[in-house]
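Chemist: Pasting the sequence and the predicted coordinates here, then a few questions.
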Amino acid sequence: MRVLVTGGAGYIGSHVVKLLGEQGHTVMTYDNLSTGNAWAVLAGELVVGDLADTTLLQATLRDFAPDAVMHFAASIVVPESVSDPLKYYTNNTANTLKLIQAVVAGRVPHFIFSSTAAVYGMPQQLPVSESAPLLPINPYGTSKMMSELILRDCAAAHPGFRYVALRYFNVAGADLSCRIGQAYAMPTHLITRGLKTAQGVFPELLIFGTDYDTPDGTCIRDYIHVDDLASAHICALEHLAGGGASDIFNCGYGRGFSVREVVRVMREVVGYDFPVRETGRRAGDPAALIADSRKLQQSLGWKPRYDDLHTMIRSAWAWEQHYARRHQRP
Ligand code: UFG
């Protein structure tokens with residue numbers, strides 16, 4: 001198939017581009033390189049462009065004529081969405097609307113959307129299933145929820161257009177051959193912050209909040225390896241190509257680890273106790289998020305391969321060491 005990947009130079013997008021290439025699909029990445037890197041695009045052509053540039057976007061769609069669009073390009077930092085909501089409604093909602101308009105007008109039949117567990121807010125029941133109410137507690141989650149609703153309504157109105165929204169839980173780890181991984185100039189995610197602290201890039205890792213209603217007081221998340229998440233996109237593509245209906249799937253393993261548990265495993269993997277300090281809560285954090293991902297496994301035949309926190313953190317650590325050698329430290 002011919003697949004246009006927005007955000008294909010970013011962390012998750014680049015792992016999906018890699019897998020699409022390995023599986024023989026024809027890939028084109030569309031990315032403004034605001035957080036992505038040209039070197040991370042391991043398959044197909046890269047078009048450097050912004051989703052807001054509708055002229056370039058429409059021309060790219062017309063010339064490449066994809067069978068499917070996978071849409072990763074987005075802003076993803078929960079606390080930043082609280083302090084700068086308009087950035088999130090612009091990048092994640094308004095630009096997604098522009099893309100969907102171009103995709104529908106260009107008669108591209110299939111769309112795979114990077115959604116998020118943040119659409120659930122603070123779920124009443126864990127693990128949370130796809131039918132749980134959408135009650136986001138931060139602008140990031142709201143910005144993605146609105147895009148999901150636009151997709152739902154467009155699919156209902158245009159019979160030739162079908163989509164899958166994948167609700168990612170906490171994505172971690174890196175390509176096992178260390179070709180690609182998380183490479184943000186100023187990372188905010190727990191595992192990357194922790195491992196960069198172990199490397200001495202940051203003086204200490206802060207634990208945000210120890211008074212949550214969880215067994216050890218720190219937040220619980222369902223961490224999923226980026227290559228398992230990438231394979232969920234292939235399942236979604238095959239589902240749509242095989243005539244499957246528009247649908248929504250959680251992407252996680254169905255179990256959670258607290259921040260303290262993740263810190264313990266990071267210290268085990270790196271082999272020493274890098275500095276950690278407990279501090280107050282961070283804005284916008286729900287106490288616990290754990291996926292019920294049975295639907296993805298049962299309906300799409302998804303088979304996770306790296307459901308192990310040590311494996312995930314070891315792959316992230318190997319990547320961080322490789323990255324530090326290859327690039328200047330910030
Ligand atoms: N945390 C720390 N210290 C840090 C960084 C994070 O204690 O330096 C804590 C956070 O407070 C949170 C947990 O670690 O409790 C995970 O935080 P991350 O920043 O790694 O990830 P988030 O849960 O905020 O968000 C991620 C993705 C979102 C997605 C969400 C779904 O960035 O896109 O997971 O669970 F929506």
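Modeler: The structure has been received and is ready for your questions. No experiment lies behind these values; they were computed from the predicted model shown. Numbering: from 1, shown residues only.
Chemist: Please name every helix or strand in contact with the host helix or strand of Glu268.
Modeler: In this assignment (DSSP states H and E), Glu268 forms part of helix 259-270. The contact analysis (3 or more Cβ pairs under 8 Å, 6 or more residues apart in numbering; DSSP states H and E) places helix 259-270 against helix 190-198, strand 205-208, helix 309-326. For glycine as for every other residue, the C-beta is placed from the backbone atoms N, C-alpha and C.
Chemist: Need the winner for burial among the ones you listed.
Modeler: Most buried of the helices and strands packed on helix 259-270, by mean neighbour count (mean count of other Cβ atoms under 10 Å): helix 190-198, with a mean of 23.
Chemist: looking only at pLDDT, what's the mean for it?
Modeler: Mean pLDDT, helix 190-198: 97.
Chemist: now stretch 10-25
Modeler: Stretch 10-25 carries an average pLDDT of 98.
Chemist: and what of stretch 207-222?
Modeler: Stretch 207-222 shows a mean pLDDT of 98.
Chemist: ok, the residue of the chain found nearest the ligand - contacts?
Modeler: For the chain and the ligand, the shortest gap (Cβ to the nearest ligand atom) falls at Cys219, measuring 3.0 Å. The contact partners of Cys219, by Cβ atoms under 8 Å, 6 or more residues apart in numbering, come to 208-209, 212, 258-259, 285-288.
Chemist: Just the closest of these to Tyr120, please.
Modeler: Pro286 (7.9 Å; Cβ to Cβ).
Chemist: Would you mind confirming that that closest one is in contact with Thr116?
Modeler: No: if you go by Cβ atoms under 8 Å, Pro286 and Thr116 don't touch, sitting 11.5 Å apart.
Chemist: What about contact with the ligand: does the helix holding Glu268 have any residue there?
Modeler: Yes: using Cβ under 6 Å from any ligand atom, helix 259-270 reaches the ligand at Val259.
Chemist: immediately after that helix, which helix or strand?
Modeler: Heading C-terminal from helix 259-270, the first helix or strand you meet, by DSSP H and E, is strand 276-279.
Chemist: name the helices or strands packed onto that following strand?
Modeler: Using 3+ Cβ pairs under 8 Å, 6+ apart as the contact test, the elements touching strand 276-279 are strand 205-208.
Chemist: quick revisit: and the contacts of Cys219, which of them are buried?
Modeler: Neighbour-count burial (16 or more other Cβ atoms under 10 Å) is assigned, among the contacts of Cys219, to 208-209, 212, 258-259, 285-288.
Chemist: Flag every buried residue along the helix holding Glu268.
Modeler: So, applying 16+ other Cβ under 10 Å, buried residues of helix 259-270: 259-263, 265-267, 269-270.
Chemist: quick revisit: could you single out the nearest of the buried ones among the contacts of Cys219 to Val108?
Modeler: Val108 lies nearest to Pro286 out of the buried ones among the contacts of Cys219, by Cβ to Cβ, at 34.1 Å.
Chemist: burial measure for the nearest residue in space to the closest one that is not next to it in sequence, as a count.
Modeler: Leaving out its chain neighbours, the residue that sits closest to Pro286 by Cβ to Cβ, 6 or more residues apart in numbering is Met122, at 4.4 Å. Using other Cβ atoms under 10 Å, Met122 is surrounded by 15 other residues.
Chemist: In contact with Met122, which residues?
Modeler: Residues in contact with Met122 (Cβ under 8 Å, 6+ apart) are 135, 137, 286-288.
Chemist: Now do the SS call for it.
Modeler: Assigned with DSSP: H, G, I helix; E, B strand; the rest coil, Met122 falls in the coil class.
Chemist: Quick check, pLDDT for it.
Modeler: On the pLDDT scale, Met122 is placed at 93.
Chemist: Please tell me how far Val259 sits from Phe202.
Modeler: Plainly put, Val259 is 16 Å away from Phe202 if you go by Cβ to Cβ, to the nearest Å.
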